[in-house]
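[1] sequence-free structure coming up:
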């Protein structure tokens with residue numbers, strides 16, 4: 001299996017994030033996550049590390065608002081050049097850019113100031129921007145697009161698969177906003193690129209609802225989107241991911257959320273997964289994109305589920321049994337010591 005990866009992700013490493021209640025903590029979505037996965041992959045004789053291709057900006061502009069992308073590209077340099085008072089200067093010394101005011105989006109209007117734009121285009125305090133964020137996000141999306149290109153052009157007899165080792169992750173990034181460690185929605189960019197070649201299904205198995213993916217495809221019927229996640233009634237992102245959100249306009253019936261309770265283990269998760277896989281079978285897509293978050297793992301610091309490594313093996317086995325060309329895109333997972341083993345346990349079913 002080809003693994004698309006780049007060390008450019010290391011350029012995005014905010015010094016902290018702000019947790020609920022205002023506590024400043026070390027950034028959980030950090031380069032060590034990738035190191036743990038790389039160490040595990042290097043022990044697998046079927047993993048072939050490959051640098052991503054450069055697809056340019058057009059596939060990203062096809063999914064994300066152009067002005068939002070311009071903001072991402074320019075925000076850090078504008079922040080460096082902005083006049084600042086002592087408090088702002090102290091923040092700059094931390095090498096991170098964050099707004100203090102966020103848009104409710106009830107009457108959407110993009111402000112003219114940098115901090116105003118930041119509050120409009122950023123959903124929360126985990127989407128920290130540093131000097132290398134934009135470059136890392138672009139490279140991450142190219143990893144996803146490279147995986148999509150491989151599965152669409154493969155000449156092997158068996159349904160091909162590829163893994164995009166993406167960092168930053170993507171599924172919380174919407175059409176024109178960043179959030180939840182995500183800036184460009186890698187899975188959505190890949191799925192939209194594939195949709196020009198045939199029908200696509202996106203299966204999101206990250207612990208948190210794929211709000212950005214839902215936002216991007218909610219009115220479309222050529223891409224089926226499904227997300228299994230912690231119920232947003234108690235879990236991030238709180239305001240999206242409920243069971244009654246099933247698409248709109250042409251996309252009505254082409255989105256499905258499976259909000260699951262705290263403590264969901266292997267049996268409960270696999271039961272919901274089977275229902276999701278039946279929906280994918282009935283949709284009969286030409287391609288499958290899997291947003292693979294490992295934060296459903298028992299003991300993950302950002303999750304409440306109890307999925308085991310045996311559970312991940314069974315998840316991989318059941319998805320692979322669909323026999324659909326599959327691009328697997330790395331999302332979350334923050335139990336770093338187990339992260340490499342968890343993702344390899346999932347992936348080895350596709351080799």
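    Everything's here; your move. This is a predicted model, so every value here is computed, not measured.

[2] give the partner strands of the longest strand seen in the chain in its sheet and their orientations.
    What stands out as the longest strand in the chain, according to DSSP state E, is strand 223-230. Strand 223-230 pairs in its sheet with strand 200-204 (parallel), strand 255-260 (parallel), by DSSP bridges.

[3] with mean neighbour count, mean pLDDT and distance to residue 286 added, can I get the ones you listed in TSV?
    To be clear about C-beta, it is placed using only N, CA and C from the backbone, and glycine gets the same treatment. Shown next, in TSV, are the strands paired with strand 223-230 (neighbours: other Cβ atoms under 10 Å; pLDDT from 0 to 100; distance: least, Cβ to Cβ, whole Å):
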stretch	mean neighbour count	mean pLDDT	distance to residue 286
strand 200-204	28	99	7
strand 255-260	21	98	19
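
[4] low-confidence stretches in the protein?
    84-94 (pLDDT under 70).

[5] same thing but at 50, please
    Across the chain, nothing is flagged by pLDDT under 50.

[6] what about the strands in it?
    2-4, 17-18, 24-25, 48-50, 161-164, 200-204, 223-230, 255-260, 287-292, 326-330.

[7] and the helices in this protein?
    31-41, 58-61, 66-81, 86-93, 114-121, 133-153, 186-195, 211-217, 266-283, 309-320, 336-347 (DSSP state H).

[8] will you turn the ones you listed into TSV that also has mean neighbour count?
    Listed next are the helices of the chain as TSV, based on neighbours: other Cβ atoms under 10 Å:
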stretch	mean neighbour count
helix 31-41	19
helix 58-61	16
helix 66-81	16
helix 86-93	11
helix 114-121	20
helix 133-153	25
helix 186-195	29
helix 211-217	27
helix 266-283	15
helix 309-320	19
helix 336-347	21
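
[9] let me know which of these is the nearest to residue 297.
    helix 336-347 (5.7 Å; Cβ to Cβ).

[10] tell me the angle of the closest one relative to strand 326-330?
    Relative orientation of helix 336-347 with respect to strand 326-330: 180 degrees, computed using axes from the mean of the first three to the mean of the last three Cα atoms, to 10 degrees.

[11] show me what helix 336-347 is packed against.
    In terms of contacts (3 or more Cβ pairs under 8 Å, 6 or more residues apart in numbering; DSSP states H and E), helix 336-347 is packed against helix 31-41, helix 309-320, strand 326-330.

[12] for residue 180, what are its contacts?
    Listed by Cβ atoms under 8 Å, 6 or more residues apart in numbering, the contact set of residue 180 reads 123-124, 126-127, 169, 171-173, 208, 211, 236-237.

[13] same check on residue 19?
    Taking Cβ under 8 Å, 6+ apart, one finds residue 25 in contact with residue 19.

[14] surely residue 243 and residue 259 touch.
    Yes: under the criterion of Cβ atoms under 8 Å, residue 243 makes contact with residue 259 at 5.7 Å.

[15] what separates the closest residue to residue 32 other than its chain neighbours from residue 164, distance-wise?
    Distance criterion Cβ to Cβ, 6 or more residues apart in numbering; nearest residue to residue 32, sequence neighbours excluded, is residue 336 at 5.4 Å. Residue 336 sits 19 Å away from residue 164, taking Cβ to Cβ, to the nearest Å as the criterion.

[16] go on, residue 106?
    According to Cβ to Cβ, residue 106 stands 35 Å off from residue 164.

[17] tell me which of these two has more neighbours.
    Neighbours per residue, other Cβ atoms under 10 Å: of residue 106 and residue 164, the larger number sits with residue 164, 30 against 5.

[18] from what I can see that one touches residue 146, true?
    Yes: with contact defined as Cβ under 8 Å, residue 164 reaches residue 146; the gap is 6.8 Å.

[19] and the residue lying closest to residue 149 once chain neighbours are set aside, how close does it get to residue 226?
    The shortest distance from residue 149 to any non-neighbouring residue, by Cβ to Cβ, 6+ apart, is to residue 53 (6.9 Å). Shown here: residue 53 relative to residue 226, a distance of 28 Å by Cβ to Cβ.

[20] pick out whichever of the two has more residues nearby.
    The residue with more neighbours, out of residue 53 and residue 226, is residue 226; 26 against 13, by other Cβ under 10 Å.

[21] I'd say the more buried one and residue 275 touch.
    No: between residue 226 and residue 275 there is no contact under Cβ under 8 Å: 9.2 Å.
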